[in-house]
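Q: Structure, please.
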Amino acid sequence: MRGFRSFLYMLARLLGDVNAVKRGRVGRRIARRAAGRATGRGLGRLFR
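A: Numbering: from 1, shown residues only. Here you go, the predicted structure:
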């Protein structure tokens with residue numbers, strides 16, 4: 001079940017990337033994904 005769930009998340013990310021390319025908003029998407037990763041790492045370190 002875990003593999004299927006990770007596949008669905010990967011597919012959702014891929015579809016979001018394709019949609020961003022179609023709409024010409026790739027830079028905005030990259031910035032938001034980077035900000036989300038940084039926030040997740042910061043919270044992970046905070047609650048370690």
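
Q: Quick check: L43 vs R37, distance?
A: Between L43 and R37 the distance, using Cβ to Cβ, to the nearest Å, works out to 11 Å. Every C-beta, even on glycine, is put in place using the N, C-alpha and C of the backbone.

Q: do the same with A20
A: Separation of A20 from R37 (Cβ to Cβ) stands at 16 Å.

Q: Comparing those two, which shows the higher neighbour count?
A: Neighbour tally, A20 and R37, criterion other Cβ atoms under 10 Å: the higher count belongs to A20, 17 against 10.

Q: element containing that one?
A: Using DSSP states H and E, A20 sits in helix 2-23.

Q: Can you spell out which helices and strands pack onto that helix?
A: Contacting helix 2-23 under the criterion 3 or more Cβ pairs under 8 Å, 6 or more residues apart in numbering; DSSP states H and E are the following elements: helix 26-46.
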